[in-house]
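Peer 1: What follows is a protein structure lacking sequence information:
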């Protein structure tokens, strides 16, 4: 269990970083498999005593595709690392701060008093990998002429390692309960 410190920004965890790298490496894997297929075709053409020029051309194209696969992997790792390094979460005395964005940064601040529910969502794959999303449902009451209007909103906190997701979920639930009790006592 992760013990959260107030005012400290948290990254998303090492498993999440590896998942980001894998997600951004799919195109590199496709290029690599295409290059392997081209090299296999080159081998078949060479053994069938056909024109050596075609085999050489297929081999050259396979080499180019292999270089593209390497380039795509490097770009994928850089993007994954950037995406991982700019996503941060912080809990302070009165709210949760969610920071994300590569080119333009977005900071979402959710006061504990607005939190209605907190849950962790995981697909089967995410469960096997030990990562998940924390989903925070907020409820804001606005007073209009006809009466109270409630606006329900869901904020999905970026994918993170499951122990951190559990710690954040528990902390948010506790803090929101305390804030709701304070609001009831003030009224």
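Peer 2: Noted; the coordinates are in hand. Treat the numbers as computed from the prediction; the structure is a model and nothing was measured.
Peer 1: Pull out the buried positions in the top helix by length along the chain.
Peer 2: In the chain, assigned by DSSP state H, the helix with the most residues is helix 52-86. In terms of neighbour count (16 or more other C-beta atoms under 10 Å), helix 52-86 has its buried residues at 55, 58-59, 61-62, 65-66, 68-69, 72-73, 76, 79-80, 83-84. Just so you know, the C-beta spots here come from the backbone N, C-alpha and C atoms, and that holds for glycine as well.
Peer 1: quick one: contacts for the most centrally placed residue in the chain?
Peer 2: Most central in the chain under C-alpha atoms, centre = their mean is residue 159, positioned 4.1 Å from the mean C-alpha point. With contact set as C-beta atoms under 8 Å, 6 or more residues apart in numbering, residue 159 has these partners: 12, 16, 19, 126, 131-133.
Peer 1: and it, which of the three is it?
Peer 2: strand (DSSP: H, G, I helix; E, B strand; the rest coil).
Peer 1: So it versus residue 93, what's the distance?
Peer 2: Distance, residue 159 to residue 93, by C-beta to C-beta, to the nearest Å: 26 Å.
Peer 1: Show me how the protein divides into domains.
Peer 2: With domains defined by automatic domain parsing, the chain comprises 21-82, 90-186.
Peer 1: nearest to residue 6, of those domains?
Peer 2: domain 90-186 (5.7 Å; C-beta to C-beta).
Peer 1: Work out the gap between the closest one and the centre of the chain.
Peer 2: Computed by C-alpha atoms, centre = their mean, to the nearest Å, the chain-centroid distance of domain 90-186 equals 16 Å.
Peer 1: picking that back up, adding mean pLDDT and distance to residue 4, write the domains of the chain out as CSV.
Peer 2: Output for the domains of the chain, formatted as CSV (pLDDT from 0 to 100; distance: least, C-beta to C-beta, whole Å):
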stretch, mean pLDDT, distance to residue 4
domain 21-82, 87, 24
domain 90-186, 83, 5
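Peer 1: quick one, which of these is nearest to residue 5?
Peer 2: Per C-beta to C-beta, nearest to residue 5 of the domains of the chain: domain 90-186, 8.4 Å.
Peer 1: can you give me the strands for this protein?
Peer 2: Taking DSSP state E, the strands of the chain run over residues 9-10, 88-91, 95-100, 106-111, 115-121, 131-144, 147-161.
Peer 1: Direction included, what does the fourth one pair against?
Peer 2: Note on strand 106-111: by DSSP bridges, its sheet partners are strand 95-100 (antiparallel).
Peer 1: list the buried ones in the partner strand?
Peer 2: Quick answer for strand 95-100 (16+ other C-beta under 10 Å): 95-96, 98-100.
Peer 1: Just want the angle from that strand to strand 115-121.
Peer 2: 50 degrees (axes from the mean of the first three to the mean of the last three C-alpha atoms, to 10 degrees).
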